[in-house]
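**Q** Task: produce atomic coordinates for the following.
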Amino acid sequence: MRSRITIHSDICNGKPVIRGTRITVQTILEFLAAGDSVEDVLREYPGLTRRDVQACLDYATRVMGHRFSLVATA
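**A** Modelled structure (predicted):
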């Protein structure tokens, strides 16, 4: 996953992207969440591979594995 997903402050405002592209992890996850298949995503972005899409899922899984807490603000 680390070889496929990168974060740079000057690319897509620091959002995680698929290496060598400006396609964000969020974009791929939104396609999948909307019910599109991996094949649909690959047709929409022919430069991507199945491993790129899997890396987006792996990244999201790792992020969600972190502990989060809510802080009330005024």
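**Q** was I right about L32 contacting V41?
**A** Yes - contact criterion CB atoms under 8 Å: L32 and V41 qualify, at 6.9 Å. C-beta: built from backbone N, CA, C; applies to glycine.
**Q** Spit out the residues that contact those two alike.
**A** V53 (CB atoms under 8 Å, 6 or more residues apart in numbering).
**Q** residue ranges of the strands in this protein, please?
**A** For the chain, the strands defined by DSSP state E occupy 5-6, 17-18.
**Q** Of those strands, which is nearest R50?
**A** Comparing the strands of the chain against R50 with CB to CB, the closest turns out to be strand 17-18 (12.2 Å).
**Q** ok, residues contacting the closest one?
**A** Outside strand 17-18, the residues within contact range by CB under 8 Å, 6+ apart are 4-8, 11, 23-25, 28, 48, 52, 55-56.
**Q** neighbour count winner among L32 and V41?
**A** Each of L32 and V41 has its neighbours counted (other CB atoms under 10 Å); V41 has more, 20 against 17.
**Q** Can you name the residues that contact the more buried one?
**A** I28, F31, L32, L48, V53.
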